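Novice: fold the following for me, if possible:
(chains A and B)
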Amino acid sequence: MGPTVLSQPAANRAWLDQQLGPSPDVVYRQLRAAPGQPEMLLAYLATLVSEERVAQEVISPLVHHGLSPGAVLAGRVRQVANLPEALRGILAGEVALFLPGYRQAFLFALADWDTRAIEEPDMEPVVRGPREGFTEALTTNISLLRRKLKTPGLRLEKRTLGEVTRTDVVVCHLEGIASPSLVEEVRRRLDRIRVDAILDAGYVEELIEDAPSSPVPQIEHTERPDKAAAALLEGRVVILVGGSPHALIVPTVFLHTFHSVEEHYERALVGSAVRLLRLLSFTLALTLSAAYIAVMSYHHEMIPFVLAQRIAGAREGVPFPIFLETVLMEVAFEALREAGVRLPKPVGQAVSIVGALVLGDAAIRSGIAAPSTVIIVAVAGIASFGVPWYGMALGVRIIRFGLMAIAAFLGLFGLMLALYALTAHLASLRSFGTPFLAPFAPLTLPDLKDSFCRAPRWTLRSRPLIFGATKGKRVPLPQQPSPPSRPERKKRR
Amino acid sequence: MSKRGLGKLTLTLCCALVAAQTAGGCWSRKELESMALIVATGVDLNPGGSYLLTVQVSNPAAVAAPAAGGAGSHPARPPFVTWQAGGRSLPDAIRHVERLAQRRLLWSDCRLLLIGEEAAGAGIAPILDAFMRHYQPRLTQWVFVAPGRAEKALISGTSLESIPAVAVDRQARLSLHAGACAIRNLYQVGSMLMQKSGNAFAGVLKLTPPPAPGPPPPTGGSDQATPTQADFVLEGTAVFREDRLAGYLDDTQTRGLMWLRGEVGSTIITIPCPGDPARTADVRVQRGRTRLEIKPVGERLLAEPRIQLEADVVNLACPQDAQHVALSRAIAAAVAREIEREIRLALARAHALGTPDPFGFAAALERSDPRKWQQLAPQWEQELARVEVRPDIRVRISRVGLITAQPSR
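Specialist: Numbers count the residues shown, from 1 in each chain, chains lettered A, B, ... in the order given. Okay, here's the model as predicted:
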């Protein structure tokens, strides 16, 4: 618990001084309302609070109206009785007021620090839809959510995680919609966390995931408040982490690999088509290189003659076996991609162009790689960008190398075995109690309306069942729009 | 699982993965470019009674897109090469070709099995057997009989396609229902041979002489022949008695055979004009359907092929107006007469060759009256000689090709 607040402000200052050390931004302000009156003490960190507001809302009223906590104008105030708690408040940007004769400290929330403006998320851009994104400031993120969901049901629970970083983590859910047991499970897993630091939402994700060693992520994250709001409305739980623009969404199922917010903003037909395209992309990214290796090294009879002739002709004199050649190209592609991400933007572009165009062309010209291999690797690479869930796309890339290895070893038979094992693994996963392959396994028919297709809004009447959301209609009445029928029109006239 | 167990498992998996990559070569892993893609096979009989196998192999380097900047690095390589080897049996010959080839043979893309006249005369059963037992060649490859030597057709080039077998394949698909050639694949010929009754038949691939006067095509025997300009035509039918070649039907007789078997889909029939035999009219058959029925009538068998046709007029040099109903009827009747004439020609030729049943009479009887068939089977050949064929041909002229009167002459 630590020492309690003493009635002598100077004694408290001594303790704080000892704890904080001589930092330039630590401010102790000793004030007297009038000469001869007892001294009071203000302690805060100048870098975290608005000093202007401290002067206007705390110092000025105290000096003019006497040393009473009621005089202070600041909106949020809390009283703490022990010093370590007061210290934590100071470190989080609160202003501590110690009054003589009070065995309590008053903490005013006057935090004010520079934050990034609300911008469109780079990771999840949309053509149509809102362009705001979460920022690193938790308060901003909460405000973005509040603006979307103006309901008393939006419940936020704050806890502080990380012994050193003291990061605020907020669990959001919609009361009456999210399943209480799900919320309880999230609380339980968060309360288990005992680490020194939470520097990003990724720390939390890793500590609460169901199967952290799986190549497939089971928790989705988003920078988009609209996506977070939509998840809340489906009865899922959103976890906001201070200092991270990524909100975690649980539970997440495999199907979310193919979902992005835009399908719900575009027309249903377009949305469904885009999702099918993503399914194709996912399949290609996962299996194309492996199938190429398998067919080229074992199943020559499966290649149509004209294609076989072209490929064989182009591979004439290529020094590497097909597996090695494909792996080398894949590694080169991944390296280029990584370089493109890490390098400063102007340089990154140059590297991508040099790598993709010059290297690829040179490899083919010199006969070190066959054009067909370059095409396959490029298509698989592009397809992996067609998966909107970034974490899943990374997992796919890793699994792809495993599939390539087994395809080089056992051909299509091996590829089938590996895909079978992968499906079994996916079926064995759970994300916060929801089977990872839901709504397909176990089959949940009503949820298929928003799976690989996106049914029109008026047909999405119930909330998804797989997240255990409490019943209640999203669209209460039949609302398919239609022009008024003839007799009605006559009546109107 | 304990931490240590997990580490051990990961290590084992990694080792297995590395070992697996090198182990793939221990079995069937082969690079595509190390294979020789066979596109056509020819079988001939050598004087001593042994087989001569000719394989046409595509040369991918000649067909592939030239590497950028490297144009001219493969100056004018032939698009295909042919390898030849003899053997006492076909598997033996294949073994010898394998010894000759610099690459591993891949038969999956072979689309043409060409059997020379002599080899066909000696019996095609062992040839088909060898190719049907081998796991690589497809049952859908075309089987043709070449008058003369098969090798001759395989070493000459064609004008349009760089690889002759590709050209034959394309031509065969195009003329599948044209009625001029009895196009059959390996599976079809094989199953016809396996039937107890009926005569097997296959298409005929004839070489036509080169269009321009030039050096005559080489007579084969060389390992790598230079492609010369020679064309082929798919025309006629080779009919087998048991598995030996008995003789050929020409293209008119072949169409007669195809009418009876109901395999004509689209062809053009030229008929003399009703009332003016000096002029001609042509109809294009759009759809044809045949139902072959055979039944005992008294002592004899009566075969009644019901042929229904739908045809369009495509040329009319007759003096009357084509839209006239009476003329339409007259044309239809003339078409029916022409079809019946072709059928009679085919029947006569088949009887003359001693192969009376490529038409499927036996199969039709077995279908409609199995008991009667059992009874007649022992002396089927004599019975066939007494079959009376009475075609019932119905032709419907559906379009005359014009929407107004025809241009005046």
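
Novice: report pLDDT for whatever residue of the stretch 251-400 of chain A ends up closest to chain B.
Specialist: Per CB to the nearest CB, residue A:313 is where the stretch 251-400 of chain A lies closest to chain B, at 2.3 Å. C-betas here are computed from N, CA, C, even on glycine. Looking at residue A:313, its pLDDT is 86.

Novice: repeat that for residue B:294.
Specialist: 88.

Novice: distance of it relative to residue B:263?
Specialist: According to CB to CB, to the nearest Å, residue B:294 and residue B:263 sit 18 Å apart.

Novice: between the two, which one's more packed in?
Specialist: The neighbour comparison of residue B:294 against residue B:263 (other CB atoms under 10 Å in any protein chain shown) goes to residue B:294, with 26 against 17.

Novice: show me what that one is bridged to.
Specialist: residue B:303 (DSSP bridges).

Novice: what residues does it make contact with?
Specialist: Residue B:294 is in contact with B:301-304, B:361, B:364-365, B:368, B:387, counting by CB atoms under 8 Å, 6 or more residues apart in numbering or on different chains.

Novice: in PyMOL, how would I select the buried members of those?
Specialist: A single PyMOL command selects the buried members of the contacts of residue B:294 (16 or more other CB atoms under 10 Å in any protein chain shown):
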select buried, chain B and resi 301+303+304+361+364+365+387
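
Novice: among the contacts of residue B:294, which pair sits farthest apart?
Specialist: Greatest spatial distance among the contacts of residue B:294 (CB to CB): B:368 and B:387, at 13.5 Å.

Novice: run a quick neighbour tally on residue 308.
Specialist: No chain specified, so I'll use chain A. Quick note: residue A:308 (other CB under 10 Å) scores 24 neighbours.

Novice: ah, I was thinking of chain B
Specialist: The tally of other residues near residue B:308 (other CB under 10 Å) stands at 15.

Novice: which regions of chain A lie under the pLDDT threshold?
Specialist: Scanning chain A for pLDDT under 70 picks out the ranges A:1, A:471, A:486-493.

Novice: up against chain B, what does it have?
Specialist: A:296-298, A:300-301, A:303, A:305, A:308-316, A:318, A:321-323, A:361, A:364-365, A:367, A:371, A:405-406, A:408-411 (CB under 8 Å from any CB of the partner chain).

Novice: which ones are touching the residue lying closest to residue A:26 once chain neighbours are set aside?
Specialist: Nearest residue to residue A:26, sequence neighbours excluded (CB to CB, 6 or more residues apart in numbering or on different chains): residue A:20, at 5.1 Å. Residues in contact with residue A:20 (CB under 8 Å, 6+ apart) are A:26, A:87, A:90.

Novice: now residue B:344
Specialist: B:256, B:389.

Novice: what about residue 145, neighbour count?
Specialist: No chain was given, so I picked chain A. Residue A:145: 22 neighbours (other CB under 10 Å).

Novice: wrong chain, I was asking about chain B
Specialist: 28.

Novice: so it is in which element?
Specialist: strand B:142-146 (DSSP states H and E).

Novice: how many other residues sit next to the residue nearest to residue A:120 when sequence neighbours are not counted?
Specialist: Once flanking residues are discounted, residue A:120 sits nearest to residue A:131: 4.2 Å by CB to CB, 6+ apart. A count of neighbours around residue A:131, defined by other CB under 10 Å, yields 12.

Novice: again, but for residue A:287
Specialist: Residue A:287, neighbours per other CB under 10 Å, totals 22.

Novice: for it, give me its contacts.
Specialist: A:400, A:403, A:415, A:419 are the contacts of residue A:287 under CB under 8 Å, 6+ apart.

Novice: restricted to strands, list the residues you listed.
Specialist: Judged by DSSP state E, strands contain none of the contacts of residue A:287.

Novice: which residues of the stretch 151-300 of chain B lie near chain A?
Specialist: Counting by CB under 8 Å from any CB, the stretch 151-300 of chain B sits next to chain A at residue B:166.

Novice: low-confidence stretches in the stretch 151-300 of chain B?
Specialist: Using pLDDT under 70, the flagged stretches of the stretch 151-300 of chain B are B:157-159, B:209-230.

Novice: related to what we said a few turns ago, so which of the contacts of residue A:20 are in helices?
Specialist: A:87, A:90 (DSSP state H).

Novice: which phi and psi does the closest residue to residue A:412 other than its chain neighbours have?
Specialist: Nearest residue to residue A:412, sequence neighbours excluded (CB to CB, 6+ apart): residue A:294, at 4.6 Å. Torsion angles at residue A:294 (phi, psi; degrees, to the nearest 10) stand at phi -60, psi -50.

Novice: where exactly do the helices run in the stretch 151-300 of chain B?
Specialist: B:164-174, B:186-194, B:251-261 (DSSP state H, counting those that start in this stretch).

Novice: and the last one, how far out from the chain's middle?
Specialist: The chain centroid and the centroid of helix B:251-261 are separated by 14 Å under CA atoms, centre = their mean, to the nearest Å.

Novice: same question, the second one
Specialist: Relative to the centre of its chain, helix B:186-194 is centred 12 Å away, using CA atoms, centre = their mean.

Novice: and the residue of the stretch 101-250 of chain B closest to chain A?
Specialist: For the stretch 101-250 of chain B, CB to the nearest CB, closest residue to chain A: residue B:108, 3.3 Å.

Novice: number of residues surrounding residue A:482?
Specialist: 6.

Novice: typo on my end, it should be residue A:83
Specialist: By other CB under 10 Å, neighbour count at residue A:83 equals 22.

Novice: ok, the one 3 residues further on next?
Specialist: If you count neighbours by other CB under 10 Å, residue A:86 ends up with 26.

Novice: cool, residue A:183 as well?
Specialist: 19.

Novice: try residue A:213
Specialist: 6.

Novice: would you agree it falls within a strand?
Specialist: No: counting by DSSP: H, G, I helix; E, B strand; the rest coil, residue A:213 is located in no strand; its state is coil.

Novice: please give me every residue in contact with it.
Specialist: Contacts of residue A:213 (CB under 8 Å, 6+ apart): none.

Novice: one step back: using TSV, lay out the helices of the stretch 151-300 of chain B together with mean neighbour count.
Specialist: Formatted as TSV, those follow (neighbours: other CB atoms under 10 Å in any protein chain shown):
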stretch	mean neighbour count
helix B:164-174	20
helix B:186-194	18
helix B:251-261	24
